[in-house]
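here's my sequence, what's the structure:
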Amino acid sequence: MAEDYSKDCKTHRRRGASASAGPVYFLGGIGAAVYFLQQSTTFWVGVLAILKALVWPALLVYQVMHTLHV
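Purely as a prediction, here's the structure:
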């Protein structure tokens, strides 16, 4: 029983180490939304801007992989 508890604590500690990327990703998304919204001229273009802000990281990774021929 004591082994299970120490194993769970170690696993929990490892998971918490990568939590610092969340705020960076959030700020990047907010920045992308502001950038795309500044370019929009109508309501529907603004809706498209929000959708672009949600998917820009995936498009960026796709372009990098395409450029590197991976």
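
using PDB, write out every CA atom in stretch 35-44.
C-alpha atoms of stretch 35-44 as PDB (Å, rounded to 0.1, in the frame of the first residue of the first chain):
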ATOM      1  CA  TYR A  35      -4.500  40.200 -34.300                       C
ATOM      2  CA  PHE A  36      -7.100  38.500 -36.500                       C
ATOM      3  CA  LEU A  37      -9.900  40.600 -35.000                       C
ATOM      4  CA  GLN A  38      -8.100  43.800 -35.900                       C
ATOM      5  CA  GLN A  39      -8.100  42.700 -39.500                       C
ATOM      6  CA  SER A  40     -11.800  41.900 -39.600                       C
ATOM      7  CA  THR A  41     -14.300  44.300 -41.200                       C
ATOM      8  CA  THR A  42     -17.600  42.500 -40.700                       C
ATOM      9  CA  PHE A  43     -19.200  40.300 -38.100                       C
ATOM     10  CA  TRP A  44     -18.700  37.100 -40.000                       C
END
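
confidence score at A19?
The model reports A19 with a pLDDT of 66.

now do F36
Taking F36 on its own, its pLDDT is 91.

mind listing what it touches?
Residues near F36 by Cβ atoms under 8 Å, 6 or more residues apart in numbering: 49-50, 52-53. Glycine gets a C-beta too; all of them are placed from N, C-alpha and C.
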